[in-house]
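A.B. asks: I would like to see how this sequence folds:
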Amino acid sequence: MREFYGDDIKHISVNPQEYSPFVSSKALRTATIARLYGGTDNDTPSARYFSYDLGERSVGLLRTEDGFSIENEPWRELFPGRKRITSIVDLRVTHPLVENAGDILLEHQLQLDGEQPLIMSRPASPEMGARLEQMGFVDVGQNRWVLDPTQHPDKWTKNSKGGWQRAGKPWSYLSKTVDYLSDDEAGVEGHSSEASVETDSSDDDPSWYFEHLNLNRE
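C.D. replies: Take a look at the predicted model:
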């Protein structure tokens, strides 16, 4: 987790002239979300972490929790025939210079959830709502978004191996903007919450985030 709020991400966030205002804002959001929401103290025993790695570097991290019954939820009629959320995406952070890493991690979770996945996302930032909507998630209130890929054939499809993937994209696609990250070194790796997901932030100055978030709003 520390990789996502380390010095290299912070450098990108404060240098919009070198990268772009869009990429720098992504970097600030990545660092802030990883720092504020990346701790493991509130993880349940079922929490799982999935890292999208290029070479020995993680460029995307997904944290999931087990799903739950939706039979008593007022929005269950939006998903006919479904009885359970199959998994909850509790956290998703990606490197600001690597496009689509978060999408690939979501594809991986859909594949794990089987033939009829119903995934809930609880975004750490309201700015992520527009992106979730583009991917087919439905806002069901209380900062909860739900995806049924079977309802969105224009966005999600089955590949030759029976796994879910983004429509119109090649298998394990990756659009990258950093030359030293190579596709043939890519892979998704899973960890339990007890595994080595480094979250110690004791040497990180929290004032940096407040200062730069305030500057970004001016």
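A.B. asks: Now do the longest helix belonging to the chain, average pLDDT.
C.D. replies: If you go by DSSP state H, the chain has its longest helix at helix 21-37. Across helix 21-37, pLDDT averages out at 85.
A.B. asks: List the buried residues of stretch 139-151.
C.D. replies: 140, 144, 145, 146, 147, 148, 149, 150 (16 or more other C-beta atoms under 10 Å). The way it works is simple: take the backbone N, C-alpha and C, and place the C-beta from them, glycine included.
A.B. asks: Now intersect the residues you listed with the strands, please.
C.D. replies: Secondary structure defined by DSSP state E assigns 140, 144, 145, 146, 147 of the buried residues of stretch 139-151 to strands.
A.B. asks: my guess is residue 108 contacts residue 49, does it?
C.D. replies: No: contact between residue 108 and residue 49 fails when scored by C-beta atoms under 8 Å: they sit 11.9 Å apart.
A.B. asks: what's the distance between the helix or strand harbouring residue 62 and the middle of its chain?
C.D. replies: Using DSSP states H and E, residue 62 maps to strand 57-66. Taking C-alpha atoms, centre = their mean, to the nearest Å, the mean C-alpha location of strand 57-66 is offset from the chain mean by 7 Å.
A.B. asks: partners of the host helix or strand of residue 53, with directions?
C.D. replies: If you go by DSSP H and E, residue 53 is part of strand 48-54. Its sheet considered, strand 48-54 pairs with strand 57-66 (antiparallel), strand 186-192 (antiparallel) by DSSP bridges.
A.B. asks: Export it to CSV, keeping only CA atoms.
C.D. replies: C-alpha atoms of strand 48-54 as CSV (Å, rounded to 0.1, in the frame of the first residue of the first chain):
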residue,chain,number,x,y,z
ARG,A,48,-8.6,-10.2,0.4
TYR,A,49,-6.1,-8.1,-1.5
PHE,A,50,-5.3,-8.4,-5.1
SER,A,51,-2.3,-6.6,-6.7
TYR,A,52,-1.8,-6.0,-10.4
ASP,A,53,1.9,-6.2,-10.9
LEU,A,54,4.1,-5.2,-13.7
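A.B. asks: how close does residue 23 sit to residue 12?
C.D. replies: 6 Å (C-beta to C-beta, to the nearest Å).
A.B. asks: which residues do those two both contact?
C.D. replies: Taking C-beta atoms under 8 Å, 6 or more residues apart in numbering as the contact rule, residue 23 and residue 12 both touch 96, 97.
A.B. asks: re the thing from before, among the strands paired with strand 48-54, which gets the worst mean confidence?
C.D. replies: Minimum mean pLDDT among these: strand 186-192, a mean of 58.
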